[in-house]
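1. predicted model and sequence below, questions to follow.
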Amino acid sequence: MDRAMELRHLKYFVTVAEEQSFTKAAEKLFIAQPPLSRQIQNLENELGVLLFERVSRPLQLTEAGQFLYQHAVKLIANAEEVKSMTKRVGMVERTVRIGFVGSLLYGLLSRIVYLYRQQYPQLKIELIEMTTTHQIPALKEGRIDVGFGRLRVSDPAIRRVLLRKERLMLAVHASHFLAQQKQGVHLADLVNETIFLYPAQPKPNFSSQIVNLFSEYSLELKNFREVREIQLALGLVAAGEGICIVPESAKTLQLTHLHYIPILDENAISPVFMATRCMDESDDIKALFDCIYQVYDLEAIHYDRAAF
C-alpha cells in the first residue's frame with residue numbers, strides 16, 4: 001500500500017498540533033485516538049523526523065514539527081480554496097444511490113458513507129437496503145449506482161471488487177456452555193446446537209453462505225432455523241433459544257447476556273464486496289473509493305489499492 005504523504009495526513013497533523021492533544025484532535029476529527037496516533041507515527045516515519053515532543057503535556061511541536069506546521073497550514077488553506085472554487089463552477093446537485101445489505105451498517109460502511117457526505121456535500125446520497133442478489137439488476141437498470149454486499153455474484157455487466165474479508169463470530173447467551181470458550185470455537189463444536197440463520201429469503205443469501213461453509217468442512221447442521229433478519233436472530237439468542245453466527249462487525253449490537261466468541265476455522269470469513277457498472281468510471285465512484293481508502297487507513301486494514 002502506498003504510504004505517500006497526502007493532504008489528509010497534513011490535516012491530521014495540523015489538528016493535533018492545534019489541539020495539543022491526540023485525544024482532543026481525535027474528537028474534533030470524529031475518529032478514534034489509536035488510528036490517529038498511527039497516522040502521525042506513519043507521517044514521522046516517512047519524513048524521518050519527530051514532529052512532537054511526546055514527553056511534554058500538552059503536546060509541543062519539535063523544530064521540524066513547527067516548520068511543517070507553518071507550511072501545512074498554507075497548503076491546506078490553498079487546497080480548500082481551490083476545492084471550493086471548483087465546486088462553485090460545477091454546482092449541479094447529483095444523486096448517488098447506494099444499495100447495501102443491512103449487516104454492513106454495523107461495520108465500517110456507516111463511517112465510509114458519513115465521510116463521503118462530509119467531503120462531498122454537493123452530492124445527494126441515498127441509502128437503499130437490498131440483498132446482494134437484488135443489487136445486480138438494480139445496478140444494470142440504473143436504480144442504484146453502487147452496491148455493497150457479501151455474496152459472490154458474477155455478471156459480465158458488473159464490476160465487483162473484494163474490499164475485505166471479515167471474520168465470523170458466534171453469538172451465544174452467557175449461560176450457554178460455549179460462552180466459556182473465550183479463546184474461540186470451531187464449526188465442528190456447533191453442529192448439534194440450535195442455530196438461527198438469517199435472512200430467510202431470497203436465496204442465495206448469508207444464511208446459505210453459512211450452510212455452505214459447514215459443507216466445506218464436511219459438516220451438516222442438525223438443527224437450524226431461518227429468521228427474517230439479524231436483529232431477530234440475536235434477540236432469540238439473548239432469550240436463550242439458541243446460537244447464531246454473525247460477521248465480527250455485528251458485535252457492536254449489544255444485548256443483555258449476549259456474548260460473542262471467535263470462530264477459529266480458517267475459512268470462517270464473510271467477504272465484503274463493492275459492485276458498480278463495468279463502464280462507470282465517474283468521479284463520484286472514484287471519490288467513494290477514496291473514502292474507503294481513508295477509513296481503511298485509519299483502521300490499519302490491509303488492502304490492495306491497485307485492486308480498487
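-> Yep, it's here. All of these numbers come straight from a predicted model, not from anything done at the bench. Numbers count the residues shown, from 1 in each chain.

2. when you work out contacts or count neighbours from here on, use the C-alpha atoms and nothing else.
-> Fine.

3. how about stretch 49-68: buried residues?
-> Going by neighbour count (16 or more other C-alpha atoms under 10 Å), the buried part of stretch 49-68 is 50-52, 59-61, 65, 68.

4. those residues: which two are farthest apart?
-> Using C-alpha to C-alpha, the buried residues of stretch 49-68 reach their maximum pairwise distance at 59 and 68, which is 15.4 Å.

5. can you give me the strands in the stretch 201-308 of the chain?
-> Assigned by DSSP state E, counting those that start in this stretch, the stretch 201-308 of the chain shows strands spanning 223-226, 243-247, 258-262, 269-277.

6. for residue 172, pull up the helix or strand it's in.
-> strand 158-173 (DSSP states H and E).

7. which parts of that strand are buried?
-> For strand 158-173, a neighbour-count test (16+ other C-alpha under 10 Å) marks 158, 160, 162-164, 166-173 as buried.

8. now swap in stretch 198-206 and tell me
-> Residues of stretch 198-206 classed as buried by neighbour count (16+ other C-alpha under 10 Å): 198-200, 204-206.

9. and residue 124, which of the three is it?
-> For residue 124, the secondary-structure state derived from DSSP: H, G, I helix; E, B strand; the rest coil is strand.

10. next up, phi/psi of the nearest residue to it once chain neighbours are set aside, please.
-> Distances taken as C-alpha to C-alpha, 6 or more residues apart in numbering place residue 95 nearest to residue 124, at 4.5 Å, with adjacent residues excluded. Backbone torsions of residue 95, given as degrees, to the nearest 10, read phi -110, psi 130.

11. which residues sit against stretch 147-157?
-> 98-101, 104, 131-133, 135-136, 139-140, 160, 205-206, 209, 270-278 (C-alpha atoms under 8 Å, 6 or more residues apart in numbering).

12. narrow those residues to those that are buried.
-> Among the contacts of stretch 147-157, those classed as buried by 16+ other C-alpha under 10 Å are 98-101, 104, 131-133, 135-136, 139-140, 160, 205-206, 209, 270, 272-277.

13. what's the first-to-last distance across stretch 254-270?
-> Using C-alpha to C-alpha, to the nearest Å, the end-to-end distance of stretch 254-270 comes to 20 Å.

14. same check, this time on stretch 211-231
-> End-to-end distance for stretch 211-231, by C-alpha to C-alpha: 19 Å.

15. buried residues in it?
-> Across stretch 211-231, burial judged by 16+ other C-alpha under 10 Å covers 213-214, 220-221, 224, 227, 229-230.
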